[in-house]
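>>> Starting from these lines, generate the structure:
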Amino acid sequence: MGAPQEQAGIRKGRFLREQVYKNLKASILNETLPQNKRLVEERLAGELGTSRTPVREAIQKLEKEGLIYKLSRGGYAVSAIKERDIEEILGIRGILEGYAAYLATMRVTDDEIKSLEETVNKEEQCLKRRGSPEECISLNAEFHDRLYRAAQSDRLYTIINDLRDYFYRYRVIIGKYQGTAELFMKDHREMIALIKSKRATKVERLMRKHIARGKSIIIKNMKREALKHGANKKGSSL
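Prediction:
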């Protein structure tokens with residue numbers, strides 16, 4: 001085995017690489033680094049206060065996860081979300097969360113129902129006092145996480161958890177559109193009412209509708225922004 005100082009250096013190096021990776025990933029998921037943004041290793045290293053090596057390793061890891069792509073002229077950029085990605089990820093989410101909602105209705109405890117209600121109350125307060133989008137998105141995620149846990153299925157929770165980062169990215173995008181937080185909060189209240197009355201099939205159906213509505217909002221706004229961008233390009237060429 002190596003000397004203690006050498007081992008400490010290895011641990012520090014691993015911790016640094018992991019922190020750089022987590023920071024870059026979080027910046028992509030919360031749109032701090034927007035879609036198609038070109039990534040400059042030297043600049044990122046300066047912002048993160050590290051050398052280029054852990055940045056390069058993080059970029060390679062994120063490329064394998066599909067969050068970054070290689071540019072033909074060299075370098076990397078943040079992957080743009082395509083309609084096919086939205087259909088696939090949110091389609092999977094609808095199936096998994098619908099089933100989780102069904103199981104939760106059958107297995108939920110009184111304490112878990114109380115926790116769900118407390119989270120929705122916090123969502124409502126966040127909206128009333130015009131809290132930050134990040135806070136409202138976090139509370140939305142908290143509600144869904146409590147529902148997953150109430151399903152009391154470790155296997156299902158693990159599968160959903162493995163896709164959590166992808167789900168979060170879409171929550172951030174949906175959260176940018178006006179009125180969506182209020183709409184989803186109302187869905188959450190309706191889910192709780194149905195859970196209390198043990199109407200499992202209706203809760204599952206509502207959850208799938210809830211996810212599908214988010215999918216439609218993203219696709220609709222993506223198309224609107226694409227048309228707007230196209231019109232701007234035409235206008236600038238005149």
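>>> which residue is nearest the middle of the chain?
By Cα atoms, centre = their mean, the chain has its centre lying nearest to Tyr168, at 0.7 Å.
>>> pLDDT averaged over the helix or strand where it lies - what is it?
Per DSSP states H and E: Tyr168 is located in helix 164-175. Averaged across helix 164-175, pLDDT comes to 82.
>>> can you list the domains in this structure?
Annotated domains of the chain cover 4-78, 83-231 [automatic domain parsing].
>>> buried stuff in whichever strand or helix holds Ile217?
Per DSSP H and E, Ile217 falls inside helix 200-237. Buried residues in helix 200-237, defined by neighbour count with 16 or more other Cβ atoms under 10 Å: 200, 202-204, 206-208, 210-211, 214-215, 217-218, 222. Backbone N, C-alpha and C define where each C-beta goes, glycine included.
>>> where does this structure have low pLDDT?
Scanning the chain with the threshold set as pLDDT under 70 gives 1-13, 229-238.
>>> ranges for the helices of it?
Secondary structure of the chain (DSSP state H): helices at 4-29, 41-48, 52-64, 83-107, 110-128, 133-150, 154-162, 164-175, 180-196, 200-237.
>>> Is it possible to get TSV of those that adds distance to Gly75?
Below are the helices of the chain laid out as TSV (distance: least, Cβ to Cβ, whole Å):
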stretch	distance to Gly75
helix 4-29	14
helix 41-48	8
helix 52-64	9
helix 83-107	22
helix 110-128	39
helix 133-150	29
helix 154-162	29
helix 164-175	22
helix 180-196	34
helix 200-237	23
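>>> So which of those is nearest Tyr76?
helix 52-64 (5.4 Å; Cβ to Cβ).
>>> what angle do that closest one and helix 41-48 make?
For helix 52-64 against helix 41-48, the angle by axes from the mean of the first three to the mean of the last three Cα atoms, to 10 degrees is 110 degrees.
>>> highest average neighbour count across the domains of the chain?
Highest mean neighbour count of the domains of the chain: domain 83-231, a mean of 17 (counted as mean count of other Cβ atoms under 10 Å).
>>> Tell me how far it lies from the chain's centre.
From the chain centre to the centre of domain 83-231 is a distance of 11 Å (Cα atoms, centre = their mean, to the nearest Å).
>>> Same check on stretch 19-34?
Relative to its parent chain, stretch 19-34 has a centroid offset of 12 Å by Cα atoms, centre = their mean.
>>> What lies in contact with stretch 64-81?
Applying Cβ atoms under 8 Å, 6 or more residues apart in numbering, the external contacts of stretch 64-81 come out as 25, 28-29, 33-40, 59, 62-63, 169-170, 173, 218, 222.
>>> Over to stretch 110-129?
Residues contacting stretch 110-129 (Cβ under 8 Å, 6+ apart): 104, 131, 135-136, 139-140, 142-143, 146-147, 149-150, 181-182, 185, 188-189, 192, 195-196.
>>> And stretch 146-164, by the same measure?
Contacts of stretch 146-164 with the rest of the structure, by Cβ under 8 Å, 6+ apart, involve 89, 92-93, 96-97, 99-101, 103-104, 107-109, 112, 115-116, 119, 167, 191.
>>> hmm, try it at 6 Å
Outside stretch 146-164, the residues within contact range by Cβ atoms under 6 Å, 6 or more residues apart in numbering are 96, 100, 103-104, 107-108, 112, 115-116.
>>> any idea which of those residues is closest to Gly46?
Nearest to Gly46, judged by Cβ to Cβ, of the contacts of stretch 146-164 is Leu96 at 40.0 Å.
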